[in-house]
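Chemist: Let's see this in three dimensions:
(one chain, ligands or ions: 1)
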Amino acid sequence: MARDKALIVGNWKMNLGVHEASLYLHKLSKVVKIHRNVEVVIAPTMLTLQTLSLQVNLRQIKLAAQNFYWRDHGAYTGEVSASQLRGIVQFALVGHSERRYVFNESDKDTRAKVQAAIRNDIRPILCVGETLSERTANETKDVLFDQLIGGLANVTSEELDRVVIAYEPVWAIGTGKNAVPEDVMNAIQAIRSQLKHLYGAKAADGVQVLYGGSVTADSAATYLALPDVDGLLIGGASLDDHAFASIIEKAYVSKK
Ligand code: 13P
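Modeler: Residues are numbered from 1 along each chain as shown. Model prediction:
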């Protein structure tokens, strides 16, 4: 997948109901340009996906699921599968730290979900990142390697270009604490060198790697200017359509 494209993904988490989501999309659609080198994605709650899929212009804005179950169908009360999301979403988050730490998802779950997404023509955005204690113990690289191997174990080099990796240090999520550019560069270089090790230089070089964690309209340009950052995964700031639009604007400027 082309790394000359910036991918700007808004993860709404468990926020915005059906009407609010629809209104938000209506407002965002007025300002998002169809830009060859900037791809805009929103990840609303599961409940709103179908409504928004009927409203959205996919050339302008794409949709992502925040979660799904890896089996395609069966007796799994309360779950929604990637096969049911097929055609409704183009992307899906996998292995977000809130899934890993609040809902105890393992690397095995993450791996099965990456596979299920690919099997159903949905691009997985595999989230990786260290906690504060892992960072303090100097374990960042080991954690990233383990999460990459854990999540990608069944992905072939032909499938790798369907996958997006998001580096989201857990301590920077929703805390207002920004990772400094140097730390982001180091982490993303470690991610890419691990991908190289697993898949070879050519396949690894094509993978889009995003940064996420307390990104705001003010800090977005700094991250987008880093050569290793191919886009952003935004939580809190994506809930405000003005702030999100302003971040998208920064991506247009960085990709001119
Ligand atoms: P914040 O931007 O609110 O820190 O959230 C980041 C995130 O978890 C996106 O998936």
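Chemist: Name the residues of the stretch 51-200 of the chain found near the ligand, please.
Modeler: His96, Glu168, Ile173, Gly174 (Cβ under 6 Å from any ligand atom). Backbone N, C-alpha and C define where each C-beta goes, glycine included.
Chemist: burial measure for the closest residue to the first one other than its chain neighbours, as a count.
Modeler: Distances taken as Cβ to Cβ, 6 or more residues apart in numbering put Cys127 closest to His96, at 4.6 Å, once the chain neighbours are dropped. Cys127 is surrounded by 27 other residues when neighbours are defined as other Cβ atoms under 10 Å.
Chemist: what sits up against the helix or strand hosting Tyr24?
Modeler: Using DSSP states H and E, Tyr24 falls within helix 18-31. The contact list for helix 18-31 (Cβ atoms under 8 Å, 6 or more residues apart in numbering) reads 12, 16, 40, 42, 44-45, 47-48, 51-52, 55-57, 60-61, 241, 244-245, 248.
Chemist: Could you pull out the buried residues of it?
Modeler: Buried residues in helix 18-31, counting neighbours by 16 or more other Cβ atoms under 10 Å, are found at Ala21, Ser22, Tyr24, Leu25, Leu28.
Chemist: same question, stretch 201-211
Modeler: Those would be Ala203, Ala204, Val207, Gln208, Val209, Leu210, Tyr211, for stretch 201-211 by 16+ other Cβ under 10 Å.
Chemist: cool, stretch 36-46 as well?
Modeler: Residues of stretch 36-46 classed as buried by neighbour count (16+ other Cβ under 10 Å): Val38, Glu39, Val40, Val41, Ile42, Ala43, Pro44, Thr45, Met46.
Chemist: Return the subset of those lying in helices.
Modeler: Using DSSP state H, the subset of the buried residues of stretch 36-46 located in helices is Met46.
Chemist: Same list (the buried residues of stretch 36-46) but as JSON lines, adding pLDDT and distance to the ligand.
Modeler: What follows is those, written out as JSON lines (pLDDT from 0 to 100; distance: Cβ to the nearest ligand atom, whole Å):
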{"residue": "Val38", "pLDDT": "95", "distance to the ligand": "18"}
{"residue": "Glu39", "pLDDT": "96", "distance to the ligand": "16"}
{"residue": "Val40", "pLDDT": "98", "distance to the ligand": "15"}
{"residue": "Val41", "pLDDT": "98", "distance to the ligand": "11"}
{"residue": "Ile42", "pLDDT": "98", "distance to the ligand": "12"}
{"residue": "Ala43", "pLDDT": "98", "distance to the ligand": "8"}
{"residue": "Pro44", "pLDDT": "98", "distance to the ligand": "13"}
{"residue": "Thr45", "pLDDT": "98", "distance to the ligand": "13"}
{"residue": "Met46", "pLDDT": "97", "distance to the ligand": "15"}
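Chemist: Now the helix or strand the residue nearest to His96 falls within - C-alpha only, PDB.
Modeler: Element membership for Cys127 (DSSP H and E) is strand 123-128. Taking C-alpha atoms only, strand 123-128 is exported to PDB below (Å, rounded to 0.1, in the frame of the first residue of the first chain):
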ATOM      1  CA  ARG A 123      -7.700  -3.600   6.300                       C
ATOM      2  CA  PRO A 124      -6.700  -4.300  10.000                       C
ATOM      3  CA  ILE A 125      -5.000  -1.400  11.900                       C
ATOM      4  CA  LEU A 126      -2.900  -3.400  14.300                       C
ATOM      5  CA  CYS A 127      -2.200  -1.300  17.400                       C
ATOM      6  CA  VAL A 128       1.000  -1.800  19.400                       C
END
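Chemist: Check which element follows that strand along the chain.
Modeler: With DSSP H and E, the next secondary element past strand 123-128 is helix 132-136.
Chemist: Tell me the helix or strand right after that following helix.
Modeler: helix 140-152.
Chemist: which of the residues in that next one are buried?
Modeler: So, applying 16+ other Cβ under 10 Å, buried residues of helix 140-152: Thr140, Lys141, Val143, Leu144, Phe145, Gln147, Leu148, Gly150, Gly151, Leu152.
Chemist: which residue ranges form the strands in the stretch 151-256 of the chain?
Modeler: Using DSSP state E, counting those that start in this stretch, the strands found in the stretch 151-256 of the chain span residues 164-167, 208-212, 231-234.
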